[in-house]
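Colleague: quick one: sequence and predicted model below, then my questions.
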Amino acid sequence: MPTIGPGSFILIVVVALLIFGPKKLPELGRAAGNTLREFKNATKGLADDDSDNKKKEDQ
């Protein structure tokens, strides 16, 4: 899988600044972080439920 080089990263940041503006970017970052955290917690809960179900079936 190719990695993003420094030139590409700078281009992405400049385009994001032009589209959203400097005041909106921190809000978007927080929203993305909260979304990823909720998704991680939800998938962890599903994995825990699956392991609990397997333990019950084994008994």
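Modeller: Looks like it came in fine.

Colleague: got phi/psi on Lys23?
Modeller: Dihedral pair for Lys23: phi -80, psi -30, per degrees, to the nearest 10.

Colleague: which helix or which strand is home to Ala47?
Modeller: Element membership for Ala47 (DSSP states H and E) is helix 25-58.

Colleague: check the gap between the residue nearest to the spatial centre of the chain and Gly29 for me.
Modeller: In the chain, the centroid-proximal residue (C-alpha atoms, centre = their mean) is Leu36; its distance is 3.5 Å. In this view, Leu36 and Gly29 are 11 Å apart by C-beta to C-beta, to the nearest Å. The C-beta positions use only the backbone N, C-alpha and C, and glycine is treated the same way.

Colleague: and Pro2, how many neighbours?
Modeller: 5 (other C-beta atoms under 10 Å).

Colleague: so it, which of the three states?
Modeller: coil (DSSP: H, G, I helix; E, B strand; the rest coil).

Colleague: let me know the pLDDT of it.
Modeller: Looking at Pro2, its pLDDT is 78.

Colleague: tell me the helices and strands packed up against the helix holding Ala47.
Modeller: On a contact count with 3 or more C-beta pairs under 8 Å, 6 or more residues apart in numbering; DSSP states H and E, helix 25-58 meets helix 6-20.

Colleague: so which elements touch the helix it packs on?
Modeller: Using 3+ C-beta pairs under 8 Å, 6+ apart, helix 6-20 sits against helix 25-58.
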